[in-house]
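Trainee: Got a predicted model here, sequence first, then my questions.
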Amino acid sequence: MISFNLRGQNIGIDLGTANTIVFIAGKGIAFREPSVVAKNIHTGEVLAVGEEAFQMLGRTPGSIVASRPMKEGVIADYDTTVAMMRYFIQKATGNAFVKPYVMVCVPSGVTEVEKRAVLDATRTAGAKEAFIIEEPFAAAVGAGLPVHAPTGNMVVDIGGGTTDVATISLGGIVTSRSNRAGGDRMDEAIIQYIRKKYSLLIGERTAEIIKKEIGCADIEKAAAYGSMDIRGRDMVNGLPKTIEINAVDVAIAIHDVVESIILSVREVLEETPPEISADVIYHGIVLTGGGALLKNIAEVISAEAEVPVFIANDPLDCVAIGTGETLKNINVYKRKSFRQ
Ligand SMILES: Nc1ncnc2c1ncn2[C@@H]1O[C@H](COP(=O)(O)OP(=O)(O)OP(=O)(O)O)[C@@H](O)[C@H]1O
């Protein structure tokens, strides 16, 4: 069985708050699906996982609940996470009886208890053995940074649940911060802002669409991104209503979250040994994760940190690609430090 695993049934899972990406060794990214599970609230039966469950978010009848079992990068609902991982592992192996070795990413700041929960959930979901890699390290590998070289690299991975900031050198993380300010906090901020300013209730999915379409990290530059029509429920009369929202409003709404991300970058830079800081000033910071696609985020971080900032190619895939690269050395991890 082990030799079978070594020939290609090693799986890397970027278990994200918003999306899960599954990487199969030797094949590459196999699929990506939203990290959502729909359950019958009376029986606990899992009705749908991934894309199918995502379509149900905010639209379920009383007997069904569609929810995200991961919050802020860690497991918020253990049993539902196990159900979700079982679905992903079986989809990857194509067979409920094959037990693969699984490498899973966690944010850099998680506690031992949170790590243990991820490992236990992965084994319970069908892994022969589970290993953990820290997200910013995987992101840096996936972004193509020379993580094993004796030179400082800095990566800022802005995900749904967390923003992970780290400097890396000689194959290890030197300084890091995991901030629970990411894309989800921006969505929540947009919901609150629109509720207060326009007395309109909108759902999480609408908020995310607004952020992706006209969200901008810089209030001064936001006017260039125009406006869009959004639909929600009028809080005054309870009826459906359409309003136009402009990009300046959205930039104001998410401003505090952007500031919090910048603060984490500054804190990590302040703690970084001078030789590595010098490398970062020279090579710049690389942004990964879906939040790297927020308009003007690279410019804003660059202006505040006084360091060049670049967006990785395929920022949404970096963590999964980096995890996949790590799978090539899974035999080393089986013997060494990443095994928990
Ligand atoms: N064009 C865009 N502009 C702004 N945000 C975006 C864009 N595209 C995706 N996002 C946001 O990126 C986040 C998802 O990124 P990613 O898939 O890297 O996170 P994750 O791995 O699920 O989360 P985490 O790493 O925190 O567990 C979501 O909040 C999503 O709304």
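Mentor: Noted; the coordinates are in hand.
Trainee: now check stretch 114-123, is it near the ligand?
Mentor: No. Under the criterion of Cβ under 6 Å from any ligand atom, stretch 114-123 makes no contact with the ligand; the nearest approach is 11.3 Å. For the C-beta atoms, the positions are set from N, CA and C on the backbone; glycine is no exception.
Trainee: Let's verify Gly12: helix, strand, or coil?
Mentor: State at Gly12, reduced to three classes by DSSP: H, G, I helix; E, B strand; the rest coil: strand.
Trainee: need the contact list for the closest residue to it other than its chain neighbours.
Mentor: In space, and not counting its chain neighbours, Gly12 is closest to Thr323: 3.4 Å by Cβ to Cβ, 6 or more residues apart in numbering. For Thr323, the contact set (Cβ atoms under 8 Å, 6 or more residues apart in numbering) comprises Gly12, Ile13, Asp14, Phe23, Met103, Val104, Cys105, Ile133, Ala138, Gly142.
Trainee: Going by neighbour count, which residues of stretch 181-194 are buried?
Mentor: Ala181, Gly182, Gly183, Asp184, Arg185, Met186, Asp187, Ala189, Ile190, Ile191, Tyr193, Ile194 (16 or more other Cβ atoms under 10 Å).
Trainee: In this structure the last one contacts Leu200, no?
Mentor: Translated: Ile194. Yes. Assessed by Cβ atoms under 8 Å, Ile194 is found in contact with Leu200 at 5.3 Å.
Trainee: can you give me the helices in the stretch 101-250 of the chain?
Mentor: 112-124, 135-142, 183-198, 204-214, 247-271 (DSSP state H, counting those that start in this stretch).
Trainee: so of these, which one's packed in deepest?
Mentor: helix 135-142 (a mean of 30; mean count of other Cβ atoms under 10 Å).
Trainee: ok, the residue nearest to Gly12 to Val102 distance?
Mentor: 10 Å (Cβ to Cβ, to the nearest Å).
Trainee: any shared contact partners between Ile194 and Leu200?
Mentor: Common neighbours of Ile194 and Leu200 (Cβ under 8 Å, 6+ apart) are Ile230, Gly232.
Trainee: Please list the residues of the stretch 101-250 of the chain that sit near the ligand.
Mentor: Checking the stretch 101-250 of the chain against the ligand by Cβ under 6 Å from any ligand atom, the hits are Glu135, Gly159, Gly160, Gly161, Thr162, Gly182, Gly183, Asp184, Glu208, Lys211, Lys212, Gly215.
Trainee: out of those residues, what pair is the most spread apart?
Mentor: Maximum pairwise distance in those, criterion Cβ to Cβ, is 22.3 Å, between Glu135 and Gly215.
Trainee: Kindly state the beta-bridge partners for the closest residue to Arg32 other than its chain neighbours.
Mentor: Of all residues not flanking Arg32 in the chain, Ile21 sits nearest, at 4.4 Å (Cβ to Cβ, 6+ apart). Beta-bridge partners recorded for Ile21 (DSSP bridges): Asp14, Arg32.
Trainee: Show me what the closest residue in space to Ala83 that isn't next to it in sequence is bridged to.
Mentor: Using Cβ to Cβ, 6+ apart and skipping the chain neighbours, the partner closest in space to Ala83 is Val46 (4.7 Å). Per DSSP bridges, the residues bridged to Val46 are Lys39.
Trainee: Measure how buried Val46 is and give me the count.
Mentor: For Val46, the neighbour count with other Cβ atoms under 10 Å is 18.
Trainee: Can you give me the pLDDT of the residue in the stretch 201-340 of the chain that the ligand sits nearest to?
Mentor: The minimum distance from the stretch 201-340 of the chain to the ligand, using Cβ to the nearest ligand atom, falls at Gly290 (2.0 Å). Note on Gly290: pLDDT of 96.
Trainee: that older thread, may I see the residues of the stretch 101-250 of the chain next to the ligand arranged in a markdown table, with pLDDT as well?
Mentor: Listed next are those as a markdown table, based on pLDDT from 0 to 100:
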| residue | pLDDT |
| --- | --- |
| Glu135 | 93 |
| Gly159 | 93 |
| Gly160 | 92 |
| Gly161 | 90 |
| Thr162 | 91 |
| Gly182 | 95 |
| Gly183 | 96 |
| Asp184 | 94 |
| Glu208 | 97 |
| Lys211 | 98 |
| Lys212 | 98 |
| Gly215 | 98 |
